[in-house]
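[1] show me the folded form of this:
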Amino acid sequence: MNRRRFVPTLPMMLLSVSVLAADMTPDEWYAAGAAAVARNGRVQPVTGRAKNVILFVGDGMGITTITAARILDGQRKGGSGEENALAFEAFPNVALSKTYSANQQTPDSAPTMTAMVTGVKTDDGLISVSSNVPRREARAEIVRAGALRTILEWAEDRGLSTGVVTTTRVTHATPAACYAHSSERDWEGDADLPAGATAPDIARQLLDFSRGNGLEVVLGGGRAKFYTADEVDPEYDKRKGTRKDGRSLWREWTDGKPRSAYVWNKAQFDAVDPSTTDRLLGLFEPSHMKFELDRAKSGDEPSLAEMTQKAIAMLARNPKGYFLMVEGGRIDHGHHAGNAQRALTDAIALSEAVAKAVDLVDARDTLIIVTADHSHVLTMAGYPKRGNPILGKVVEPGHEAPDYARDQLGLPYTTLGYANGPGYAGASDRQPAGPKRFEHMPFKSEPATGRPNLTEVDTTQSEYLQESAMPMPAETHGGEDVAIYATGPGAHLVRGVMEQNAIFHVMREAYGWK
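    A predicted model of the protein is given here:
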């Protein structure tokens, strides 16, 4: 085997962490560490240019989220959890990304995704336009003058196929930054525009996209932005679209366009043959798609891994290659609601989508990057013993539940918490009505005095809100660096501490574009 071309497979790279059992001897720990270093020493950069690039974005997937999701995933599989590894943690190149925006220490998703897909940092709320454009600028000519060319537009201009897959509305900030240019991330549909605005809404820009032959695959939520106010939603007969301009954008996707398909449920999605379909639009909810915890129970929407698989199958038919962005968008929403279990389960779903992509692509011609746009204020604290339920209350080594660790008030506490959010003092034992309360970040609770007594509270149940130190109607983003994981051609350029906008330049360099 030519060692300079050696690319370890995912199972090989995970081998050293999959056997780190709780009862390992000192000699076994020593040997496992040595084997990991030896394995790393055999890994060489993948030479040549990338034909394809897949950018995975875990919205709000900070390092604490990754750690906690890794443990939760491992515990669900029957292990103690800490020894587990998410799919992308096996990638050979890792770096840190500095996420601040041009005008804010702790950013939102609009400027961070703009940085990743255009190579330019911009102000909060702006979608792929420069910071020279004032936020909420409604004049089309001003917005157009400040537009920044995205990696997806570069790809379309060069004849590559392109796709956007997300669990949020396809017009939400992260997916929108790939194909749209707007001075306001909230202008997702024309009903959101201010009176007299000439700048187009984001949904319209998806259909009016003029670069190359347009996007080939768009999968996610957000039907309401594509249906007129007179059109009844196909799934919920009491809901209608929101468009005021009379354009049925979902119809326009297929009208006069052979081999194009529009689907809105899993059965239709499953029936799509990627070998005979050139363009696919899937909108599976009027707003965001369901959290993975709820989707898995209902089975009426495709998973992120299933959407990723179909997107790759369609895009890979182009001999020139493709660019695909896949977002685990509801990680962010779970955190905003103070509901760590839903956030972590969506992070695990992203890992499963990454694993599916690794299985489908050729590591010699496909660059895969996994990162986050920003972090959240999730904390992982106390001194729980190894294997303690990550969603549970802290039990220290040498103790067994219900002998929980106690604070200075004599009350037990959980391993996971938030620096701010709706779970402030006493709110966390008052549960929301159900999953619909988590559609975006609407859960509100009245702050109380003092901590709740969690002794008899099941903190592992799905509706539990972790405690927060500061009362906020919604938990906020965190401002610390996030991780970048990369494998494939060009992955060796991901190293050190990087400005977030450098991710664009890694992808461009991997493609060989000047």
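[2] show me the strands in the stretch 1-150 of the chain, by range?
    52-58, 93-98 (DSSP state E, counting those that start in this stretch).
[3] no, scratch that, I was asking about the chain
    52-58, 93-98, 161-169, 217-221, 260-263, 279-283, 322-328, 366-371, 375-376, 378-380, 416-418, 477-478, 482-487, 497-499 (DSSP state E).
[4] can you say which of those strands is nearest to A296?
    strand 161-169 (12.6 Å; Cβ to Cβ). In short, each C-beta sits where N, CA and C put it, glycine included.
[5] and that closest one, which strands flank it?
    Strand 161-169 sits in its sheet next to strand 217-221 (parallel), strand 322-328 (parallel), going by DSSP bridges.
[6] I'd like the distance from it to the chain centre, please.
    Computed by Cα atoms, centre = their mean, to the nearest Å, the chain-centroid distance of strand 161-169 equals 11 Å.
[7] can you give me the angle it makes with strand 279-283?
    0 degrees (axes from the mean of the first three to the mean of the last three Cα atoms, to 10 degrees).
[8] biggest helix in the chain by residues?
    helix 340-360 (DSSP state H).
[9] can you redo the strands of the stretch 1-150 of the chain as a markdown table with mean pLDDT and distance to S131?
    Shown next, in a markdown table, are these (pLDDT from 0 to 100; distance: least, Cβ to Cβ, whole Å):
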| stretch | mean pLDDT | distance to S131 |
| --- | --- | --- |
| strand 52-58 | 99 | 21 |
| strand 93-98 | 98 | 17 |
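[10] out of those strands, which gets nearest to A34?
    Across these, closest to A34 is strand 93-98 (Cβ to Cβ), at 20.1 Å.
[11] for that closest one, name the packing helices and strands.
    strand 482-487, strand 497-499 (3 or more Cβ pairs under 8 Å, 6 or more residues apart in numbering; DSSP states H and E).
[12] go with 10 Å
    helix 109-118, strand 366-371, strand 482-487, strand 497-499, helix 502-511 (3 or more Cβ pairs under 10 Å, 6 or more residues apart in numbering; DSSP states H and E).
[13] each with direction, which strands does the second one pair with?
    On the basis of DSSP bridges, the sheet neighbours of strand 366-371 come out as strand 52-58 (parallel), strand 482-487 (antiparallel).
[14] follow-up on the earlier one: out of the strands of the stretch 1-150 of the chain, which one sits most buried?
    Burial of the strands of the stretch 1-150 of the chain is given as mean neighbour count (mean count of other Cβ atoms under 10 Å); strand 52-58 ranks first at a mean of 27.
[15] export that one to PDB, keeping only CA atoms.
    Extracted C-alpha coordinates of strand 52-58, given in PDB (Å, rounded to 0.1, in the frame of the first residue of the first chain):
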ATOM      1  CA  ASN A  52     -17.000  17.500  -4.300                       C
ATOM      2  CA  VAL A  53     -17.300  19.400  -1.000                       C
ATOM      3  CA  ILE A  54     -19.800  18.700   1.800                       C
ATOM      4  CA  LEU A  55     -20.100  21.300   4.500                       C
ATOM      5  CA  PHE A  56     -21.900  20.000   7.600                       C
ATOM      6  CA  VAL A  57     -23.100  22.700  10.000                       C
ATOM      7  CA  GLY A  58     -24.300  21.900  13.500                       C
END
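[16] roughly how far out does that strand sit from the chain middle?
    10 Å.
[17] quick one, it and helix 340-360 angle?
    Using the same axes, to 10 degrees: strand 52-58 against helix 340-360 is 170 degrees.
[18] could you check the angle strand 52-58 makes with helix 109-118?
    Using the same axes, to 10 degrees: strand 52-58 against helix 109-118 is 160 degrees.
[19] now the strands paired with strand 366-371 as TSV including distance to Y424?
    Below are the strands paired with strand 366-371 laid out as TSV (distance: least, Cβ to Cβ, whole Å):
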stretch	distance to Y424
strand 52-58	26
strand 482-487	25
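[20] OK, contacts around R49?
    Applying Cβ atoms under 10 Å, 6 or more residues apart in numbering, we find R49 in contact with G321, D365, L367, P489, G490, E509, A510, Y511, G512, W513.
[21] nearest to H288 among these?
    Of the contacts of R49, the one sitting nearest to H288 (Cβ to Cβ) turns out to be L367, at 28.3 Å.
[22] ok, back up a step: out of the strands of the chain, nearest to S468?
    When those are compared by Cβ to Cβ, strand 416-418 sits nearest S468, at 4.1 Å.
[23] list the contacts for A483?
    58, 61-63, 66, 88-89, 94-97, 370-372, 375, 494.
[24] tell me how far it lies from D233.
    38 Å (Cβ to Cβ, to the nearest Å).
[25] now V94
    43 Å.
[26] again with V43
    50 Å.
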